[in-house]
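> Predicted model and sequence follow; I will ask about them next.
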Amino acid sequence: MNFLDFLNERQNIEKTRNFNVFQTYTLDGLKPIFEHVKKITQKNVHNPLRISVVGTNGKGSTSHYLACLFSKLGYKVGLYTSPHLISPLERFQLVWDGNPTLPLLDELNLLFQNHFLPEIELYESLSYFEFLTVFAFLFFSEQNTEVQIWEAGLGGRLDATKLVDANHVVLTKIGLDHSAILGNTKEAICQEKLAIIGDRCLSLFAMEEEVESLKTSFVNRPRANSVPLHIFSCPPNESYLETNFLFAKDTISQIIPNIQKNLASLSFQDLPKPRGRMEVMQREPLVVFDPSHNPDAILTTTQEFAKSQSKFHIFLGSLPDKDLKGILEALSPSETKIESLLLWEGEGFGSFPEPTGALSAKTDRVRTTAEILPFFQGRIPILVLGSFRLYGIVANLIQNTIKM
């Protein structure tokens, strides 16, 4: 048995969407396994700096920029993210000179065979995400990473990444997502995510607009008296990616003040964009992908795209547990620029309600790539939104279009 075989046998809630398991879920079963793996890593003499990134929107890009900036400053960085676009190896990358790099599968298999396979029964009960988190923790240790960036999966209080016991916590923007699990208000969701703060946490970083709008959540956060809150003032009119870059940059300057001169010399243009975030997948016609999957993120992304495009198509698909009605409503401010709205309702995706207003006449519901192929052969730009799962569909469609 190799690493991927064992991983793919684990229960993957991201695929099943069976979030009912969280009604009785605790970290109690995972804690002793994590402690066991931590003992294995104690032979490594260095003590890496660990940062947890939680929130609803912007977690992935903020994590990316934190990792890239630290690596540009000379640190060896491990970056843990989720979900992935194509391969699960994307979830725990090493970052060199600003560039995230996938681990080698042979190296992962060797680590699995040496440290996991001999006592495999210990890990049999773990879910897909739990096992990946434990595995990445040991992998980063074996690689002697000096800085580790841990993007939380779902929530914070019960997220497996809480057990890395980070030195610092970064909170990105809060939106209404996974409300049945995390709470039906932004305040409740924020508190659930801030509960990732552990005993070793030295500081919390958050954007000013979140602190101002969710004051009660910040006042009632864990260890409020001993964990100082650093507030980042968001600059006006920046793209969401550049805002998250500046947030990451400000965070690092607070954590390591003596590197501010070197840090100041690094610009947004010096770093690659995170894969899958406003990613240009094709130039002609222009195809841009972003995984925005809740109303707040959809609104921000669509309005940002509309600033540079006179008209465009939207290819939108979302999973059944998302706020499908709210997502459609978030498109309304840009409806005059939307040439057509293609709602992907293939297997595993949700069925949208009927759009209102001008969007209703512009909407087509599609279930096969043959139905959307003509749009990818035209000249009008396409913005792809709603789910990470659309990335592979669009990538294959573009590849097939090129071959025609």
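Sure thing, it's come through. Only a predicted model underlies this, so the values are computations on that prediction, with no experimental measurement involved. Numbers count the residues shown, from 1 in each chain.

> where does this structure have its least confident helix or strand?
Across the helices and strands of the chain, mean pLDDT, DSSP states H and E gives its lowest value to helix 179-182, namely a mean of 67.

> helix or strand right after that helix?
Proceeding N to C from helix 179-182, the next assigned helix or strand is helix 186-194, under DSSP states H and E.

> what about the strands in the stretch 1-150 of the chain?
Secondary structure of the stretch 1-150 of the chain (DSSP state E, counting those that start in this stretch): strands located at 49-54, 77-80, 92-96, 99-101, 147-151.

> Let's have those in a markdown table, adding mean pLDDT, mean neighbour count and distance to residue 31.
Bear in mind the C-beta positions are built from the backbone N, C-alpha and C, glycine included. Converted to a markdown table, those look like this (pLDDT from 0 to 100; neighbours: other Cβ atoms under 10 Å; distance: least, Cβ to Cβ, whole Å):
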| stretch | mean pLDDT | mean neighbour count | distance to residue 31 |
| --- | --- | --- | --- |
| strand 49-54 | 98 | 26 | 16 |
| strand 77-80 | 98 | 27 | 18 |
| strand 92-96 | 97 | 20 | 20 |
| strand 99-101 | 96 | 15 | 29 |
| strand 147-151 | 98 | 27 | 16 |
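
> Make a markdown table out of these and add distance to residue 327.
Listed next are the strands of the stretch 1-150 of the chain as a markdown table, based on distance: least, Cβ to Cβ, whole Å:
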| stretch | distance to residue 327 |
| --- | --- |
| strand 49-54 | 22 |
| strand 77-80 | 28 |
| strand 92-96 | 30 |
| strand 99-101 | 29 |
| strand 147-151 | 22 |
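
> out of these, which comes closest to residue 250?
strand 49-54 (13.3 Å; Cβ to Cβ).

> gap between the nearest residue to residue 156 once chain neighbours are set aside and residue 160?
For residue 156, ignoring the flanking residues on the chain, the nearest one in space by Cβ to Cβ, 6 or more residues apart in numbering is residue 196 at 3.3 Å. Separation of residue 196 from residue 160 (Cβ to Cβ, to the nearest Å): 11 Å.

> quick one, which of those two is more surrounded?
Neighbour count, other Cβ atoms under 10 Å: between residue 196 and residue 160, residue 196 has more, with 27 against 23.

> you'd agree that one is up against residue 164?
No. In this structure residue 196 lies outside contact range of residue 164 using Cβ atoms under 8 Å: 9.6 Å.
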